[in-house]
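In: got a predicted structure here, sequence first:
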Amino acid sequence: MNWLPFGAPLAMLLAAVVAGTGRSRIVEGLVLTALACALATAVLLVVAGAATTPLLGLEGIGLSARRDIVSATLLLLIGFVGWIVVRFTSTYLDREPRADRFMADLCLTLGGVMTMVIAGNLVQLVAAWIATSLTLHRLLLFYPERRAAQRAARKKFITARVGDVALIAAALILAHACGTTDIVSILAAARAGAIPSAGSAAACLIAVAAMLKSAQFPLHGWLTEVMEAPTPVSALLHAGVINAGGFILIRFADVMLLSPAALALLTLVGGFTALFGGLVMLTQPAVKTSLAWSTVAQMGFMTMECGLGLFPLALLHLVAHSLYKAHSFLAAGSAVERIVAARRPGPVAVPSAGAVGRAFAVAIGLYAAIGAAFGISSAPPQAIVLGAILIFGVAYLIAQGLAEAAPRALTRRLVVASGAASLGYFLLHALATRLTADVLPVPPNPSSLDWALMILATLSFGSVAVAQALFPLWSGHPAVAVLRVHLSNGLYANAVLDRLLGGWRRPVSAEFGR
């Protein structure tokens, strides 16, 4: 029964083979079988606990499956999202001449991600990591004649290969230092402090691989340009494959704690990416482009969570974002139609500076009151800071309800929603910490650098939240129009990368003929 997790990627592999024959019903049945295997793995975890299979191979090279809360949760998530995307694809690409090839690549990508999250050894994990990137590359080039698709795929390919090198180097360091490729043994050695120098070097390399995989600033541009691929690719990428960076940080959490420098880098880069992506997202007129920038921001926030040592919350964030983003991409077209049909002209509630101040006071007061009931004084400082950052977003909503033109009923609903958000944060944090207690480490005691980063993050996110709430008051200023133009172009970071890679100098004919 310990080999049960392999049933999911095996079913996906069979689905990829069958997809070439055009038998869509059998393909969907095999994908549903993969979901059933993932569900059975979760049940087996509850009944029998965590376990790792013996290595099926020689000299540390082969196949093995790890069953714990991380692998079971992500396997079930991938199985569910994959099944939804496959069902959607069968209708979306109906009568498309190359639909069979697309479905085969889609199932191969899903199988690769599944193989990666259940990996019990380094070789299997790295091989699945690389294979997933290569099959995704084929999906991104489903319409190879489109110049934008080739440009995005090329940037993705280059950044992915650099990330592959970093992960391979980290795996070699860990395998040499521990004398094994078994991931559980490596994590145990890291938790015991048996590999301090090697672990620190490996942590830095893993951080680089994760940031490249999860489209962190300034190498985020490819993620916002993959709209040329069919919609199922966007859903699969933004709800699944992009999370591989977060997964690798969560899986090697004990190793990451060996390097304060790596954690600080994740906090700085992730926090800036979250702020940057969120601001650019607000300036995008196209729905899918806005969703892509939202993914950049969410990946940045999840990276920052890992940098703060809040790995259980990062896992929770990964699951919630995947479900939300898959639904958002697959329902984008119908959602726009409903919004346009339901839009009615009416007064706009613009909060004054006083209303914004009261909104933040109410939000922080609710957070403090609910936190006190949950024993906030004993919570890790990192978790308190993260909760404060989240409550800033709620305060923005309350500010709309406290505007003079806002109906009182709206004000009451938003205050209640703020309390529910605070309550939900503490409940979910407690649940995630409890479920992952035997697998993921607790946040370390913050150092002076950690305190400085946490204060910087709190002030940065708080300032942006206040500025966003006050934006209607000074939106007519000429400087705001200029800032909006710069933000809508992503502060030109992606254009600089295009220039470095020769994207502007390459002739159009060469682009099509490559």
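Out: Perfect, thanks for sending it. Numbering: from 1, shown residues only.
In: walk me through the domains of this structure.
Out: What automatic domain parsing lists as the domains of the chain is 1-120, 148-332+475-514, 345-474.
In: what is the rounded mean pLDDT of stretch 414-431?
Out: For stretch 414-431, mean pLDDT is 81.
In: residues in contact with it: which ones?
Out: Residues from elsewhere that reach stretch 414-431 (CB atoms under 8 Å, 6 or more residues apart in numbering): 312-313, 316, 362-363, 366-367, 370-371, 374, 376, 379, 383, 387, 390-391, 394-395, 397-398, 400-401. (Each C-beta comes from the backbone N, C-alpha and C, glycine too.)
In: check which residues of that stretch are buried.
Out: L414, V415, S418, G419, A421, S422, L423, Y425, F426, H429 (16 or more other CB atoms under 10 Å).
In: so where is this protein shaky, pLDDT-wise?
Out: Scanning the chain for pLDDT under 70 picks out the ranges 332-349, 405-406, 410, 503-514.
In: show me where it has strands.
Out: 51-52, 56-58, 61-63, 66-67 (DSSP state E).
In: rewinding a little: inside helices: which ones of the contacts of stretch 414-431?
Out: Those of the contacts of stretch 414-431 mapping onto helices are 312-313, 316, 362-363, 366-367, 370-371, 383, 387, 390-391, 394-395, 397-398, 400-401, per DSSP state H.
In: scan the protein for its longest helix.
Out: Assigned via DSSP H, the chain shows its longest helix as helix 147-178.
In: how far away is D100 from R25?
Out: Computed as CB to CB, to the nearest Å, the D100 to R25 distance reads 13 Å.
In: between those two, which one's more packed in?
Out: Set D100 next to R25 and count neighbours by other CB atoms under 10 Å: D100 wins out with 18 against 9.
In: so T159 makes contact with W222?
Out: Yes: here T159 reaches W222: they are 6.7 Å apart, a contact under CB atoms under 8 Å.
In: so who does the residue lying closest to W293 once chain neighbours are set aside touch?
Out: Spatial nearest neighbour of W293, excluding adjacent residues (CB to CB, 6 or more residues apart in numbering): M281 at 3.8 Å. Going by CB under 8 Å, 6+ apart, M281 touches S290, W293, S294, V296, A297.
In: if we use 7 Å, what do you get?
Out: Residues near M281 by CB atoms under 7 Å, 6 or more residues apart in numbering: S290, W293, S294, A297.
In: what separates the nearest residue to W474 once chain neighbours are set aside from C37, distance-wise?
Out: Spatial nearest neighbour of W474, chain neighbours left out: V480 (6.3 Å); criterion: CB to CB, 6+ apart. As judged by CB to CB, V480 and C37 stand 53 Å apart.
In: more neighbours: the two, which one.
Out: C37 (23 against 12).
In: how near is the nearest residue to that one once chain neighbours are set aside to R25?
Out: Sequence neighbours aside, G7 is the residue nearest to C37 in space, at 3.6 Å (criterion: CB to CB, 6+ apart). According to CB to CB, G7 and R25 sit 20 Å apart.
In: and for L77, the neighbour number?
Out: For L77, the count of nearby residues is 21 (other CB under 10 Å).
In: what sits against it?
Out: V319, S322.
In: mind running it again at 10 Å?
Out: Residues counted as contacts of L77 (CB atoms under 10 Å, 6 or more residues apart in numbering) are A38, V113, V117, A239, G240, N243, L318, V319, S322, L323, A326.
In: now V385: how far from I391?
Out: Applying CB to CB to V385 and I391 gives a distance of 11 Å.
In: what is in contact with these two at once?
Out: Counting by CB under 10 Å, 6+ apart, the contacts common to V385 and I391 are F461.
In: more neighbours, the two?
Out: Neighbour totals were compared for V385 and I391, and I391 leads with 27 against 21 (other CB under 10 Å).
In: ignoring the adjacent residues along the chain, who's closest to the more buried one?
Out: Using CB to CB, 6+ apart, the closest residue to I391 is Y367 (4.5 Å).
In: repeat that for S24.
Out: Using CB to CB, 6+ apart, the closest residue to S24 is S90 (5.0 Å).
In: returning to that earlier point: what distance do you get for the residue nearest to W474 to A467?
Out: 10 Å.
In: those helices in the stretch 401-514 of the chain, which residues are they?
Out: Assigned by DSSP state H, counting those that start in this stretch, the helices in the stretch 401-514 of the chain fall at 408-435, 448-474, 478-488, 493-500, 508-513.
In: before we move on, back to that, would CSV of the contacts of L77 with distance to M454 and neighbour count be doable?
Out: CSV is the format used below for the contacts of L77 (distance: CB to CB, whole Å; neighbours: other CB atoms under 10 Å):
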residue, distance to M454, neighbour count
A38, 36, 30
V113, 32, 30
V117, 30, 27
A239, 29, 26
G240, 30, 23
N243, 24, 30
L318, 22, 24
V319, 24, 15
S322, 27, 22
L323, 29, 14
A326, 32, 24
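In: which one of those is nearest I84?
Out: Nearest to I84 among the contacts of L77, counting by CB to CB, is A326 at 6.5 Å.
In: ok, the closest one - contacts?
Out: 77, 80-82, 84-85, 88, 232, 234-236, 238-240.
In: show me the contacts for the closest residue to it other than its chain neighbours.
Out: With sequence-adjacent residues excluded and distances taken as CB to CB, 6+ apart, A326 is closest to A239, at 3.6 Å. Applying CB under 10 Å, 6+ apart to A239 gives the contacts 77-78, 81-82, 84-85, 295, 321-330.
In: what's the answer for L491, then?
Out: If you count contacts by CB under 10 Å, 6+ apart, L491 has them with F217, P218, F276, L279, V280.
In: ok, L56 next?
Out: By CB under 10 Å, 6+ apart, L56 lies in contact with W3, F6, G62, L63, S64, A65, G120, N121, Q124.
In: most neighbours out of those residues, which is it?
Out: Among the contacts of L56, N121 has the most neighbours (other CB under 10 Å), with 29 neighbours.
In: quick one: it and C178 touch, right?
Out: No: using CB atoms under 10 Å, N121 is not in contact with C178, being 11.5 Å away.
In: what about stretch 280-296, distance to the chain center?
Out: 15 Å (CA atoms, centre = their mean, to the nearest Å).
In: cool, and stretch 258-276?
Out: Relative to its parent chain, stretch 258-276 has a centroid offset of 15 Å by CA atoms, centre = their mean.
In: same check on stretch 150-157?
Out: With CA atoms, centre = their mean, you get 20 Å for stretch 150-157.
In: list the contacts of it.
Out: So stretch 150-157 is contacted by 133-134, 136-144, 146, 212, 215, 219-229, 237, 494, 497-498, 501-504, 506, 511-512, 514 (CB under 10 Å, 6+ apart).
In: contacting residues around A359?
Out: With CB under 10 Å, 6+ apart, A359 has these contacts: 351, 394-403, 411, 414-415, 418, 465-466, 469.
In: which residues sit in contact with P441?
Out: L187, A190, R191, A253, D254, M256, L257, G309, F311, P312.
In: I'm done for today, thanks for sticking with me.
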